[in-house]
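Novice: Any chance you could fold what I've pasted below:
(2 chains)
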Amino acid sequence: MAMNEMSSTDQESSEKISIRNVSKAYESTQALGDVSFSVSEGEFCCVVGPSGCGKTTLLRTIAGLDDPDSGSVLVGGNPVTDPGLDRGLVFQEYALFPWRTVRGNIRFGLDRPACECADCEARVRELIDLVGLEGFEDAYPKELSGGMKQRVGIARALAVDPEILLMDEPFGSVDARTRDRLHAELLDIWAQTGQTVVFVTHDIDEAVTLADRVVVMDADPGTVQSTISIDLERPRERTAHDFVDSVAEIRTELGSPVDTRH
Amino acid sequence: MSHQTDTMVTAIFEGDLQRYLRGLGGLLVFLLVWWVGAMTTQPSYLVPGPVDSVHAFFDLFATSTAIVVPIFGSALVLPTGLAHLAQTLFHYVPGLLLGASCGISLGLAMGWNGALDDWLRPLVRVLRPIPPLAWVVFAIVWFGIHHTGAAFIVFVGAFWINFYGAYGGVEGVSSELTDAASTLGVERDLSMLKLVALPSAAPHVLTGFRTSIGRCWMIVVGAELFGAPGVGYEIINASNNLAMATSVAYMFLISLAFLCMDVGFRLVERSVLSWR
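Specialist: Alright, predicted model coming up:
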């Protein structure tokens, strides 16, 4: 699919995130080289690619934690300059505040002056319920398993009700069974909240399980190889014919340039 | 559950018992060597024996001494040992607390603010290696040989240990945590320091403070050898009269005072850092 078609004016209205010719270098390595794509309002968009393709940098740029060297990121039509409560970030290694309990972590964003919640305590309870952590409200992160920690990470990001949820390989450190359950829970939450999700992963199965659309990236420098729509009913069955086809399609996109290089 | 707890308690108890017995063994061997050494050394004042030392220790509490409380100027009558311990604490406690507060503040500020770090780092490199006791001469000419001068030397000692605790702690704050806080609406530098850097650096800060409790006891005794009143002064005072057992008794007293403070602070530390 051609990129100029994605950013054409008739798509502008539903466009939530627009990444325009973003490039970024760290010292000598070119992390991102001229990346452009957009994500529609309410869309679940997965970004897959080999390590070093700059997918984390891309996510951090959308979050406003990294500035691009050139190009820009627009969220709701406004250029991103700083982090903001409209974009929640879920980290691969959870990044929970170890000195705060589950409740304290979830509450962190709600206690900021920029956030207005009528009844913060009720909101925290609602989120604990949403991610299934009843009974662990007063536990510290060290007492939780990886899957539970990431549930806290998700709840903490959701607490301030961001329009966009950015997820950086959030389930990379949890076991396969827990990951399957978290996938189902995440899709439930997404269905309830209707947020726009950008989900970075290197796991093709995970991308096809979750995404409306998969952006395939290539490394050195990070560029968009192609975008592939996944028009499958949810919940998706990994052994289903269509599922396997989509995985194969992405694998071909990912694999071919790497093969020719070696 | 209760069975499991029981076995855990038993296991801990058994492990502890073995440790205690070994520790007791070590103490007994030391006492024996000390006793034999004291018996066989002449003249006897060179090595006062354990029995004489214990006697001297209890003698510290058999008599009373009047001391003057600084600032308030009122007289206070206490058993002699406690009176001299109190004199030490009159400069130890203010020196430690003030030195720790200033050291922690500067450590946090320099660890957090790159520009300030650039400005002060060379100065810190030059001043840091000076042993606190080297400041004795200035303590004497500025404040005189008394509580204030001794407190100043303790201050210098406490300052650097706490400075490095806080500085290292803030430098070690993970950028992932500050990133997480930024995406959750922390905008101002001061909020970041309060909400992320400070709690994250707390273990380092507290370890620095605990180290300074012990180090300042060494420094305070050194400062008193120059004439400030307190247990350190009493050690040298007793030895001038060849009452070496009394010197040992004051050494015990210092050891006990340090142990109490250390245990007390460890308890505070454990409750504050229960999240670790």
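Novice: my guess is B:Leu184 meets A:Val160, correct?
Specialist: Yes. In this structure B:Leu184 lies within contact range of A:Val160 using Cβ atoms under 8 Å: 6.7 Å. C-betas here are computed from N, CA, C, even on glycine.
Novice: Overlap in contacts, those two.
Specialist: A:85, A:88, A:109, A:112 (Cβ atoms under 8 Å, 6 or more residues apart in numbering or on different chains).
Novice: The first one against A:Gly109, yeah?
Specialist: Same thing as A:Leu85. Yes. Between A:Leu85 and A:Gly109 there is a contact under Cβ under 8 Å: 6.8 Å.
Novice: picking that back up, find the pair from the shared contacts of B:Leu184 and A:Val160 with maximum spatial separation.
Specialist: A:Gly88 and A:Arg112 (12.8 Å; Cβ to Cβ).
Novice: The two: which is more packed in?
Specialist: Neighbour count, other Cβ atoms under 10 Å in any protein chain shown: between A:Gly88 and A:Arg112, A:Gly88 has more, with 27 against 17.
Novice: nearest spatial neighbour of that one, skipping sequence neighbours?
Specialist: Among residues not flanking A:Gly88 along the chain, A:Ala157 sits closest, at 3.3 Å (Cβ to Cβ, 6 or more residues apart in numbering or on different chains).
Novice: list the contacts for the one you found?
Specialist: By Cβ under 8 Å, 6+ apart, the residues touching A:Ala157 are A:88-90, A:109, A:165, B:183-184.
Novice: And the helices in the stretch 1-150 of chain A?
Specialist: Under the criterion DSSP state H, counting those that start in this stretch, helices of the stretch 1-150 of chain A are mapped to A:3-6, A:55-63, A:102-107, A:120-130, A:146-159.
Novice: now do chain B
Specialist: For chain B, the helices defined by DSSP state H cover B:2-40, B:50-59, B:80-112, B:114-127, B:136-143, B:147-171, B:175-183, B:189-192, B:198-224, B:231-240, B:244-272.
Novice: for the contacts of A:Ala157, which one is nearest A:Val124?
Specialist: Comparing the contacts of A:Ala157 against A:Val124 with Cβ to Cβ places A:Gly109 closest, at 10.6 Å.
Novice: Tell me how many other residues crowd the closest one.
Specialist: Neighbour count for A:Gly109, taken as other Cβ under 10 Å: 26.
Novice: residues touching it, list them.
Specialist: Counted by Cβ under 8 Å, 6+ apart, A:Gly109 has contacts A:85, A:115, A:156-157, A:159-160, B:184-185.
Novice: Of those, which is the nearest to B:Ser200?
Specialist: Using Cβ to Cβ, B:Leu184 comes nearest to B:Ser200 of the contacts of A:Gly109, at 15.0 Å.
Novice: Apart from its chain neighbours, what residue comes closest to that closest one?
Specialist: Closest residue in space to B:Leu184, ignoring its immediate chain neighbours: A:Gly109 at 3.7 Å, by Cβ to Cβ, 6+ apart.
Novice: What parts of the stretch 1-150 of chain A come near chain B?
Specialist: Contact residues, the stretch 1-150 of chain A versus chain B (Cβ under 8 Å from any Cβ of the partner chain): A:60, A:63-65, A:82-85, A:87-89, A:91, A:93, A:95-100, A:108-109, A:112-115, A:140-142.
Novice: quick one: B:Arg121 from B:Leu106, how far?
Specialist: With distances taken as Cβ to Cβ, to the nearest Å, B:Arg121 is found 12 Å from B:Leu106.
Novice: higher neighbour count, the two?
Specialist: Neighbour count, other Cβ under 10 Å: between B:Arg121 and B:Leu106, B:Leu106 has more, with 19 against 12.
Novice: What distance do you get for the more buried one to B:Tyr164?
Specialist: Using Cβ to Cβ, one gets 10 Å for the distance from B:Leu106 to B:Tyr164.
Novice: can you check B:Val186 too?
Specialist: According to Cβ to Cβ, B:Val186 and B:Tyr164 sit 27 Å apart.
Novice: Mind checking which of the two has more residues around it?
Specialist: Taking other Cβ under 10 Å, B:Val186 and B:Tyr164 do not tie; B:Val186 has more neighbours (23 against 19).
Novice: Just the pLDDT for the residue nearest to the more buried one when sequence neighbours are not counted.
Specialist: Excluding the flanking residues, the one nearest B:Val186 by Cβ to Cβ, 6+ apart is B:Met192, at 5.3 Å. Looking at B:Met192, its pLDDT is 94.
Novice: Report the beta-bridge partner residues of A:Leu89.
Specialist: Bridge pairing for A:Leu89 (DSSP bridges) gives the partners A:Leu166.
Novice: need the contact list for it.
Specialist: Residues A:59, A:63, A:65, A:83, A:157, A:166-168, B:179-180, B:183 are the ones in contact with A:Leu89 under the rule Cβ under 8 Å, 6+ apart.
Novice: Now tabulate these in JSON lines and tack on pLDDT and distance to B:Gly81.
Specialist: Compiled in JSON lines, these are given as follows (pLDDT from 0 to 100; distance: Cβ to Cβ, whole Å):
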{"residue": "A:Leu59", "pLDDT": "94", "distance to B:Gly81": "66"}
{"residue": "A:Ala63", "pLDDT": "96", "distance to B:Gly81": "63"}
{"residue": "A:Leu65", "pLDDT": "95", "distance to B:Gly81": "60"}
{"residue": "A:Pro83", "pLDDT": "94", "distance to B:Gly81": "60"}
{"residue": "A:Ala157", "pLDDT": "95", "distance to B:Gly81": "60"}
{"residue": "A:Leu166", "pLDDT": "97", "distance to B:Gly81": "65"}
{"residue": "A:Met167", "pLDDT": "97", "distance to B:Gly81": "65"}
{"residue": "A:Asp168", "pLDDT": "95", "distance to B:Gly81": "62"}
{"residue": "B:Asp179", "pLDDT": "95", "distance to B:Gly81": "55"}
{"residue": "B:Ala180", "pLDDT": "96", "distance to B:Gly81": "53"}
{"residue": "B:Thr183", "pLDDT": "94", "distance to B:Gly81": "58"}
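Novice: which helix of chain A spans the most residues?
Specialist: helix A:241-261.
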